[in-house]
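Colleague: What follows is a predicted structure for the sequence shown.
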Amino acid sequence: MSIDSMKFRQVLGHFPTGVTVVTATNADGTPVGFTIGSFTSVSLDPPLVGFLPMVDSDRWAAINAAGSFCVNILGTHQADLCWRFAKSSIEAPFEGVAWEPSPITGSPVLDRAIAWIDCSIEQVIEAGDHHFVLGRVLEMEHVDPEAEANPLLFFRGQLGDFRKHG
Ligand SMILES: Cc1cc2nc3c(=O)[nH]c(=O)nc-3n(C[C@H](O)[C@H](O)[C@H](O)COP(=O)(O)O)c2cc1C
């Protein structure tokens, strides 16, 4: 049975995700990064996380070449970064964005991200038109638990925020 691609996107768009910017550093020291919603926790022992980039993504090619990456989990105050890092037409998405190198891999940690996870690439698995990238967690941090931190969420093609129920 063939699945219509529009229907596929629409149905899967009903599964809400968080929004991250996955970053790395090119060999010439310049930063690279893109918006990724397919980020997931994978394993505690060993500590592994994963995400799924398109096989033909230039930015994924650059991150793969770097051999390491940092996952920046965005808060609602960073909605502009979600679109900025999703458009390949924006050639210098880091322009005007404050960041500092992560402690182990030197990948960009974006200012005011609500959490970040510094990783080395453990394995890249073929998964149709995407790769499933497994990262080994080397270092990680989150904002102060007392601080207000509202995660940016993506649902049916739109951004929103978290509301507590129950
Ligand atoms: C909320 C959101 C989530 C996204 N998640 C993914 C993802 O999980 N995998 C992916 O390949 N692209 C994802 N994208 C699209 C990429 O950010 C976009 O295609 C990429 O930055 C283009 O880079 P390129 O120039 O290397 O093709 C997402 C975009 C948005 C707005």
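Modeller: That came through fine. What you see is a predicted model; the values in this text were computed from it and never measured.
Colleague: Looking at the residue lying closest to residue 25 once chain neighbours are set aside now. What's its pLDDT?
Modeller: What sits nearest to residue 25 in space, not counting adjacent residues and going by C-beta to C-beta, 6 or more residues apart in numbering, is residue 106, at 5.4 Å. From N, CA and C alone the C-beta is placed, and that goes for glycine too. On pLDDT, residue 106 comes in at 98.
Colleague: One more: residue 144?
Modeller: Per-residue pLDDT puts residue 144 at 83.
Colleague: Look up phi and psi at it.
Modeller: phi -50, psi 130 (degrees, to the nearest 10).
Colleague: any idea how far it is from residue 111?
Modeller: The spacing between residue 144 and residue 111, counted by C-beta to C-beta, to the nearest Å, is 15 Å.
Colleague: and the two? which has more neighbours close in?
Modeller: Using other C-beta atoms under 10 Å as the criterion, residue 144 and residue 111 rank with residue 111 on top: 11 against 7.
Colleague: so what pLDDT did the more buried one get?
Modeller: 97.
Colleague: Surely it touches residue 98?
Modeller: Yes: here residue 111 reaches residue 98: they are 3.9 Å apart, a contact under C-beta atoms under 8 Å.
Colleague: ok so, going back, the residue nearest to residue 25: neighbour count?
Modeller: Neighbour count of residue 106, defined by other C-beta under 10 Å: 17.
Colleague: and it, helix, strand or coil?
Modeller: At residue 106 the chain is in coil, as set by DSSP: H, G, I helix; E, B strand; the rest coil.
Colleague: Then residue 95?
Modeller: Residue 95 - assigned by three-state DSSP - is coil.
Colleague: Would you mind measuring from it to residue 161?
Modeller: As defined by C-beta to C-beta, residue 95 lies at a distance of 26 Å from residue 161.
Colleague: who's more crowded, those two?
Modeller: Ranked by neighbour count (other C-beta under 10 Å), residue 95 and residue 161 place residue 161 first, with 11 against 8.
Colleague: Okay, the spatially most distant residue from the centre of the chain and the ligand: tell me how far apart.
Modeller: Relative to the centre of the chain, and counting by C-alpha atoms, centre = their mean, the farthest-placed residue is residue 1 at 32.2 Å. Distance of residue 1 to the ligand, given as C-beta to the nearest ligand atom, to the nearest Å: 25 Å.
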